[in-house]
Every structure is written in structure tokens, then in C-alpha cells.
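Chemist: Just a sequence and a predicted model for now, questions to come.
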Amino acid sequence: MLNYLWGLMLLLGVIYGAFTGRIDAVTNAVLDSSKEAVSLCVTMLGVMGVWVGVMEIAKTSGLIKVLSRKMQPLIKFLFPKIPHGHEANEFILVNIISNILGLGWAATPAGLKAMEAMEKLEKERGNKEYLETASSSKRCASNEMCTFLVINISSLQLIPVNMIAYRSQYGSINPALIVGPAIIATFVSTIVAVILCKVAEGGKHK
């Protein structure tokens with residue numbers, strides 16, 4: 001759908017430029033935007049390389065394991081039906097820690113593996129509703145999957161790396177000024193997400 005919307009907007013821009021005699025402005029805009037897009041991609045690639053590397057160092061040094069142990073009570077509260085020691089817990093923890101540190105790129109692979117592990121868990125449990133829909137075009141998500149997805153989307157971020165990089169790229173005097181508001185906004189969104197998930201989960205069991 002988004003592809004159609006973007007395509008329509010581009011087409012309307014070209015048509016408008018042609019009818020108003022400003023097709024040269026359209027051409028210049030395309031060239032300038034292309035140059036800016038390449039520059040932004042290079043900038044973000046560098047940022048991504050640094051922080052993904054930091055994440056790998058944290059894993060190798062054992063820091064992730066230490067943080068995982070500290071966060072076990074939180075994971076137990078959020079996902080009470082996932083057995084202790086199950087592989088899904090590790091992937092969920094890596095995903096949450098990555099998101100908190102603003103490492104969305106490092107969080108994505110762990111998030112996908114967490115979903116796969118939770119899907120495997122549902123099959124092991126013999127969840128009838130899940131098994132009936134797993135082979136059809138309609139997909140069924142467990143409470144844990146829904147909770148994980150909502151928390152992932154609303155994730156608390158202590159270091160909004162993406163926003164800092166974008167602000168720096170576009171000439172912000174103080175790119176890191178966004179840190180405070182970002183922490184407050186993502187903290188509130190995460191709390192609301194957890195509350196809604198628990199309310200929905202409780203209602204489903206009634």
C-alpha cells in the first residue's frame with residue numbers, strides 16, 4: 001500500500017511540475033534528494049557498525065548474560081507462561097536490551113528468533129487454537145507473542161541512536177538534546193503497553 005502511495009505522490013509531483021513549467025525544479029529536487037539519501041545511508045551505516053559492534057563486545061564479554069540475570073524477574077512478570085531456561089527467554093532479553101540501548105538493528109534478529117522460539121513452544125504445548133491456524137492463511141498469535149510485539153514497538157530507549165544520527169545529519173546544534181524527551185516518551189509508552197497487555201491477557205482468560 002505504501003508503495004502505491006509513494007508512487008502516486010511522485011507521479012503527481014512530476015505532473016504538477018510539467019504543467020506549471022517547473023520540471024527543472026523537479027529534476028533538481030530528485031538529484032539533491034538522491035545525494036542526501038546516499039549521504040544519510042552512509043552515516044547510518046557507520047552508526048550501525050559501531051553500535052552493533054558494541055553489542056557483540058557486550059555479548060562476548062558476558063555483559064549480556066549479567067544483564068539477563070538481573071532482568072529475569074521482569075521477563076517472568078511479562079511472560080509468566082514461558083518456562084524458565086527456555087531459549088525464548090534469551091532472545092527476548094537480547095531484544096529488549098538492544099532496544100533499550102537504541103540498537104534497533106541488533107534487536108531485529110533476536111526478535112525474529114524470539115518469535116520462532118515462542119511459536120515452537122506453542123506447538124510443544126499442543127495449543128489447539130494455534131495448531132488449527134498455523135497451517136492456514138490466518139495466523140494465530142499467543143499472549144506471549146502479542147505482549148512481546150507490543151513491548152518491542154513501544155520499547156523504552158535510553159539512547160535513541162537513530163534520532164541522534166538523523167539530527168546530526170541534518171545539522172542539529174545539539175543532536176543529543178532528544179535523549180531526555182525520548183526517555184520520558186518511551187518510558188510512558190512502555191508502561192502503557194505493559195498495562196494494556198496485562199488487561200487484555202486477563203480479559204482473555206475470563
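Modeler: Yep, that arrived. Numbering: from 1, shown residues only.

Chemist: CA atoms for contacts and neighbours, from now on please.
Modeler: Will do.

Chemist: Moving C-terminal from whichever strand or helix holds residue 40, which element do we reach first?
Modeler: Assigned by DSSP states H and E, residue 40 falls within helix 23-61. Downstream of helix 23-61, the next assigned helix or strand under DSSP H and E is helix 63-70.

Chemist: now for that next one, which elements pack on it?
Modeler: helix 87-100 (3 or more CA pairs under 8 Å, 6 or more residues apart in numbering; DSSP states H and E).

Chemist: What's the end-to-end length of stretch 81-88?
Modeler: 11 Å (CA to CA, to the nearest Å).

Chemist: helices and strands of this protein: which one bottoms out on pLDDT?
Modeler: Least confident helix or strand of the chain, by mean pLDDT, DSSP states H and E, is helix 128-134 with a mean of 53.

Chemist: Report the buried residues of the helix or strand just after that one.
Modeler: In the C-terminal direction, the helix or strand that comes right after helix 128-134 (DSSP H and E) is helix 143-154. Buried residues in helix 143-154, defined by neighbour count with 16 or more other CA atoms under 10 Å: 143, 144, 145, 147, 148, 150, 151, 152, 154.

Chemist: Can you list the neighbours in contact with the helix or strand that helix 143-154 is followed by?
Modeler: Next in sequence after helix 143-154, counting helices and strands by DSSP H and E, comes helix 161-169. By CA atoms under 8 Å, 6 or more residues apart in numbering, the surrounding residues in contact with helix 161-169 are 40, 43, 44, 47, 101, 102, 103, 174, 175, 176, 178.

Chemist: Would you mind measuring from the fourth one to residue 165?
Modeler: If I follow you right, that is residue 47. From residue 47 across to residue 165, the span is 7 Å (CA to CA).

Chemist: do the first one as well
Modeler: Using CA to CA, we find residue 40 at a distance of 9 Å from residue 165.

Chemist: higher neighbour count, these two?
Modeler: More neighbours surround residue 165 than the other of residue 40 and residue 165, with 19 against 16 (other CA atoms under 10 Å).

Chemist: one step back: give me the angle between the helix holding residue 40 and helix 63-70.
Modeler: For helix 23-61 against helix 63-70, the angle by axes from the mean of the first three to the mean of the last three CA atoms, to 10 degrees is 80 degrees.

Chemist: ends of stretch 152-161, how far apart?
Modeler: Start-to-end, stretch 152-161 (CA to CA) is 16 Å.

Chemist: Could I get the average pLDDT for that stretch?
Modeler: For stretch 152-161, mean pLDDT rounds to 80.

Chemist: element containing the closest residue to residue 143 other than its chain neighbours?
Modeler: Nearest residue to residue 143, sequence neighbours excluded (CA to CA, 6 or more residues apart in numbering): residue 201, at 6.6 Å. According to DSSP H and E, residue 201 maps onto helix 179-205.
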